[in-house]
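**Q** One predicted model, sequence on top.
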Amino acid sequence: MRPLPSAFDPDSSPTAAPRLAERKAGHEAALASVREALDEAANARSEKAIARHREQNKRTAKERIDLLLDPGAPFLEIGALAARGMYDGGVHKAGSIGGVGVIEGRTCVIQANDAMVKGGTIYPMGVKKTLRLQAIAMENRLPFVSLVDSGGAYLPLQSEVFPDIDDGGRIFYNQARMSKMGIPQLCAVMGLCTAGAAYIPAMSDEVVHVRGTGAIFLAGPPLVRAATGEDVTTEELGGAVLHTHVSGVSDYLAENDDDAIDILRRRVACLPQQGAPPARAPRAPRYDPHELYSIVPTEPHVPYDIREVIARIVDGSEFEEFQANYGPTMVCGWAYIHGYLVGVLANNGPIFSESALKATHFIELCEKRGTPLVFLQNVAGFIVGKAYERGGITKHGQQMVAAVATCTVPKFTVIVGGSFGAGNYAMCGRAYSPRFLWMWPTAQIAVMGGEQAGRVLIDVQNTQRARAGLGPISPEEEAMILEPVRANTRAEGNALHATANLWDDGIIEPHRTRDVLGLSLAAALHAPLPDPPHGWPQGFSTFRF
């Protein structure tokens, strides 16, 4: 593969220095906001909740995960800012910590309820987060380890937690599917495991139960008393001794949290090893990834060469570009990331017909060869206008979107700038099921930019007025339309809003993009790669092999 040249030289022009410093300051401000939000999500717990937790001699959710992971092993957290700003602002991380980590050399999906957040009760976003973690386990064939400490569904919002296809029942449906797929499920009951939460251990393969604090039951003592008049203690109803000695619901009796973690680690050590090793030894990029903060503008409409980003992500900054002189607003090519061969698709402007055709061809090549795809999004959408419609942009765009939707190799997406309109779909947005999707702090996502959306609304108003024989609206009226739309786009199109709604798997620091992608690739390649396709659906493929 060929080394990528870099045009970045901070000392090349005195006039460039202020511009580069401004970009860096913009990234640092966005990073500071994300780090502040992460700190709050991790540490903002009431003194009462902390005291209650310590009185029961229980470790925190983070401490439990830290003990469970291999020493020094990274933890790829998913949804670290889920539910931020929702409900009363206190449902941090949607009530649980979840992610991908290594236990006894095995890559696993791990989820731990945080009983210091609303007693571990499950809010609607908590359901969505669990479903996302289960999807990661199923797509990548990873064992699922649950550390349960939950009071069950948050009843005031039961209509948003209970009945629909993507509500709480789907968690147990997925557990049954994972069992059929042969995906190991291990569970430690470390606190309350009430009502629907009781099905999590019941449907797991192996259950560790902590004496004194762990309790499994469909209805707690108050509800049993109200329903039947029976007076029973928590321990009598669902304690560890009952379920390990009498009912058989639980398999291993643990004396405390540390003992439970030790048992879990021993059980994970008995699982078979999986995963594909890197194709070659990893090599660091030739260029410093921290330079990204000066190279990449904080506003997605400001142009730059996306190859500068690729050069700071891939091994050795080496990139074998495909059709470099055709469809230049789409950069495609092969590279290694932490030793794993990938196909990279990245935006250098809007998607033209030639760009879409090139991308479709490239995706087909990677699908045929079983090469994972990495999408680097900074896309304003597909090009529009009379000439482009005459040139078939709708058809060519459809071919690219179909290629992204139907290819079966693992896909990974990083939104490094803007993600607007159908460009989000073509570049493998959330709806197109990338194995993992990450955002930079300055990333933006919307149907269109605020300015463009406002102008569309103004044009609609003027068209309606013209039909009525009236003149166009005044500049003051234009401002009254534009400003709310701009404000709404800023509020709902930024990375913090997106990650709170779990439209991504997390906001990452740009200079860590390479490492996050490396961990994502390592996790995904535990699932067997698909066999090469025998043929594409009629009307899909532009190129035949």
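**A** Cool, the structure landed.
**Q** In terms of helices and strands, where is residue 333?
**A** strand 330-337 (DSSP states H and E).
**Q** What average pLDDT does that strand get?
**A** Averaging pLDDT along strand 330-337 yields 98.
**Q** biggest helix in this structure, by residue count?
**A** helix 16-43 (DSSP state H).
**Q** Please state the offset of the strand holding residue 333 from the chain centre?
**A** Centroid separation between strand 330-337 and its chain, computed with CA atoms, centre = their mean, to the nearest Å, is 22 Å.
**Q** Over to stretch 371-386?
**A** Using CA atoms, centre = their mean, the offset of stretch 371-386 from its chain centre is 19 Å.
**Q** Point out where the stretch 201-350 of the chain drops to low pLDDT.
**A** The model of the stretch 201-350 of the chain has no residue with pLDDT under 70.
**Q** mind listing what's buried in the longest helix of the chain?
**A** Neighbour counts using 16 or more other CB atoms under 10 Å place 20, 23, 24, 26, 27, 30, 31, 34, 37, 38, 41, 42 of helix 16-43 among the buried residues. Just so you know, the C-beta spots here come from the backbone N, C-alpha and C atoms, and that holds for glycine as well.
**Q** which residue ranges form the helices in the stretch 301-450 of the chain?
**A** Secondary structure of the stretch 301-450 of the chain by DSSP state H, counting those that start in this stretch: the helices cover 307-310, 353-369, 386-390, 393-406, 422-426, 450-467.
**Q** closest one to residue 147 among those?
**A** Closest approach to residue 147 among the helices of the stretch 301-450 of the chain (CB to CB): helix 422-426, 34.5 Å.
**Q** name the helices or strands packed onto the closest one?
**A** strand 373-379, helix 393-406 (3 or more CB pairs under 8 Å, 6 or more residues apart in numbering; DSSP states H and E).
**Q** And that helix, how far out from the chain middle?
**A** On CA atoms, centre = their mean, the centre of helix 422-426 falls 17 Å from that of its chain.
**Q** residues making contact with that helix?
**A** 347, 350-351, 356, 359, 377, 379-382, 397, 400-401, 404, 431-432, 445 (CB atoms under 8 Å, 6 or more residues apart in numbering).
**Q** For residue 273, grab the count of nearby residues.
**A** Neighbour count of residue 273, defined by other CB atoms under 10 Å: 9.
**Q** ok so, going back, from the contacts of helix 422-426, which would you call buried?
**A** Buried, going by 16+ other CB under 10 Å: 347, 350-351, 356, 359, 377, 379-382, 397, 400-401, 404, 432, 445, out of the contacts of helix 422-426.
**Q** out of the residues you listed, who's nearest residue 155?
**A** residue 445 (33.1 Å).
**Q** For residue 510, see how far away the closest one is.
**A** 16 Å (CB to CB, to the nearest Å).
**Q** hmm, back to that, for residue 369, state which of the buried residues of helix 16-43 is nearest.
**A** Using CB to CB, those come closest to residue 369 at residue 27, 35.7 Å.
**Q** ok, and the closest non-adjacent residue to that closest one?
**A** Once flanking residues are discounted, residue 27 sits nearest to residue 293: 4.3 Å by CB to CB, 6 or more residues apart in numbering.
**Q** Now do the SS call for the one you found.
**A** When classified by DSSP: H, G, I helix; E, B strand; the rest coil, residue 293 comes out as helix.
**Q** For it, give me its contacts.
**A** 23, 24, 27, 28, 510, 511.
**Q** what sits against residue 222?
**A** By CB under 8 Å, 6+ apart, residue 222 has no neighbours at all.
**Q** Would you format the helices of the stretch 301-450 of the chain as JSON lines with distance to residue 61 included?
**A** Putting the helices of the stretch 301-450 of the chain into JSON lines (distance: least, CB to CB, whole Å) gives the following:
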{"stretch": "helix 307-310", "distance to residue 61": "35"}
{"stretch": "helix 353-369", "distance to residue 61": "39"}
{"stretch": "helix 386-390", "distance to residue 61": "51"}
{"stretch": "helix 393-406", "distance to residue 61": "36"}
{"stretch": "helix 422-426", "distance to residue 61": "33"}
{"stretch": "helix 450-467", "distance to residue 61": "38"}
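**Q** If you average pLDDT over each of these, which is lowest?
**A** Among the helices of the stretch 301-450 of the chain, helix 450-467 carries the lowest mean pLDDT (a mean of 82).
**Q** ok, the closest residue to residue 384 other than its chain neighbours - how many residues close by?
**A** Nearest residue to residue 384, sequence neighbours excluded (CB to CB, 6+ apart): residue 393, at 7.6 Å. Look at residue 393: counted by other CB under 10 Å, it has 21 neighbours.
**Q** secondary structure class for the residue in the chain sticking out farthest from the centre?
**A** Within the chain, the residue lying farthest from the chain centre (CA atoms, centre = their mean) is residue 469, at 50.7 Å. Assigned by three-state DSSP, the conformation of residue 469 is coil.
**Q** Repeat that for the one 10 residues further on.
**A** Following three-state DSSP, residue 479 is assigned to helix.
**Q** same question, the one 10 residues further on
**A** Reducing the assignment to helix, strand or coil with three-state DSSP, the entry for residue 489 is helix.
**Q** hang on, the earlier thing: closest to residue 236 out of the helices and strands packed on helix 422-426?
**A** helix 393-406 (53.5 Å).
**Q** helices or strands up against that closest one?
**A** Against helix 393-406 (3+ CB pairs under 8 Å, 6+ apart) you get helix 353-369, helix 422-426.
**Q** Which residues does it contact?
**A** When contacts are defined by CB under 8 Å, 6+ apart, helix 393-406 is touched by residues 351-353, 356-357, 359-360, 363-364, 382-384, 411, 422, 425-428, 432, 536-537, 540, 542.
**Q** just the buried members of these?
**A** Buried members of the contacts of helix 393-406, counted by 16+ other CB under 10 Å: 351-353, 356-357, 359-360, 363-364, 382-383, 411, 422, 425-428, 432, 536, 542.
**Q** list the contacts for residue 477?
**A** The contact partners of residue 477, taken as CB under 8 Å, 6+ apart, are residue 461.
**Q** So, low pLDDT: which residues of the stretch 1-150 of the chain?
**A** For the stretch 1-150 of the chain, the ranges with pLDDT under 70 are 12.
**Q** where exactly do the strands run in it?
**A** Applying DSSP state E, counting those that start in this stretch to the stretch 1-150 of the chain gives strands spanning 75-78, 96-103, 106-113, 144-150.
**Q** tell me how far the second one is from the chain's mean position?
**A** Which is strand 96-103. Distance, stretch centre to chain centre, for strand 96-103: 13 Å (CA atoms, centre = their mean).
**Q** Ok, the first one next?
**A** Here strand 75-78 is found 9 Å from its chain centre; the criterion is CA atoms, centre = their mean.
**Q** Okay, now the sheet partners of that strand, with direction.
**A** strand 96-103 (antiparallel) (DSSP bridges).
**Q** Check the last one too.
**A** For strand 144-150, the paired strands and their directions (DSSP bridges) are strand 106-113 (parallel), strand 185-194 (parallel).
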